[in-house]
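Visitor: The following block contains a protein sequence and its predicted model.
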Amino acid sequence: MAPRDMSWHDDHTAAPAVYRQAPLADRYPGHAAELLNPLLDMLGRSREAFDGDLDIFLILLVILARTVQHPQFRKLSQQALLRGEVAVIPSLRTNIRSIAASVGVPRESVRRKLAMLVERGWVVRSGRDLFIDAEAYRRLVGVHEGMEKLAVRYADVVAAAR
């Protein structure tokens, strides 16, 4: 399998090697359930939000990854987004080709699934660029909550393992 294009990810945000190796590396079996259960919860919420199609979640996740990197997004409040004060959420550029390369899904499949997201009103196209609509942000509150629970649990597990 060819390596995926992860150019949408900021490499500088990766944890330093010392954090990746210890303290969990040697004690992973003792923490596996604490790490896997919140991940399963978040993926289950995602699967439900996308009618069982996790590829749609991955596609939207790539667009979201580009969205959260935009300087204007960082200035928005959660409440403003949930109230719909921003119709189309600002994002760095992304397109079908880069999404397909990032998630390893054929470009035609990405195109079809994006067409469905556009039809639902969750994604907006501007030329070749794709943006998250405020409606999608509001409808994915359960997924956001799952991600938050996952992050908090992981932080707790890492802190306890030190």
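Guide: Cool, got the structure.

Visitor: Can you check the pLDDT for the spatially most central residue of the chain?
Guide: With distances taken as CA atoms, centre = their mean, the residue of the chain nearest its centroid is Leu61 (3.4 Å). If you check Leu61, the pLDDT there is 91.

Visitor: again with Arg4
Guide: In this model, Arg4 is scored at 56, pLDDT.

Visitor: So that it lines up with my notes, have the first residue be 123 from now on.
Guide: Understood, numbering begins at 123; the last thing we discussed is Arg126.

Visitor: Contacts only, for Asp251.
Guide: Taking CB atoms under 8 Å, 6 or more residues apart in numbering, we find Asp251 in contact with 213, 215-217. Using the backbone N, CA and C atoms, a C-beta is placed for each residue, glycine as well.

Visitor: want to throw those residues into JSON lines with distance to Leu158, secondary structure and neighbour count?
Guide: Converted to JSON lines, the contacts of Asp251 look like this (distance: CB to CB, whole Å; DSSP: H, G, I helix; E, B strand; the rest coil; neighbours: other CB atoms under 10 Å):
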{"residue": "Ser213", "distance to Leu158": "31", "secondary structure": "coil", "neighbour count": "22"}
{"residue": "Arg215", "distance to Leu158": "35", "secondary structure": "coil", "neighbour count": "13"}
{"residue": "Thr216", "distance to Leu158": "30", "secondary structure": "coil", "neighbour count": "21"}
{"residue": "Asn217", "distance to Leu158": "34", "secondary structure": "coil", "neighbour count": "16"}
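
Visitor: For the strand or helix carrying Leu204, buried residues please.
Guide: If you go by DSSP states H and E, Leu204 is part of helix 200-205. Neighbour-count burial for helix 200-205, counted by 16 or more other CB atoms under 10 Å, picks out Leu203.

Visitor: Pro228 reaches Ala222, doesn't it?
Guide: Yes: using CB atoms under 8 Å, Pro228 makes contact with Ala222 at a distance of 6.5 Å.

Visitor: between the two, which one's more packed in?
Guide: More neighbours surround Ala222 than the other of Pro228 and Ala222, with 20 against 10 (other CB atoms under 10 Å).

Visitor: Going by neighbour count, which residues of the helix or strand harbouring the more buried one are buried?
Guide: Secondary structure assigned from DSSP H and E places Ala222 in helix 218-225. Within helix 218-225, the residues that qualify as buried are 218, 220-225, counting by 16+ other CB under 10 Å.
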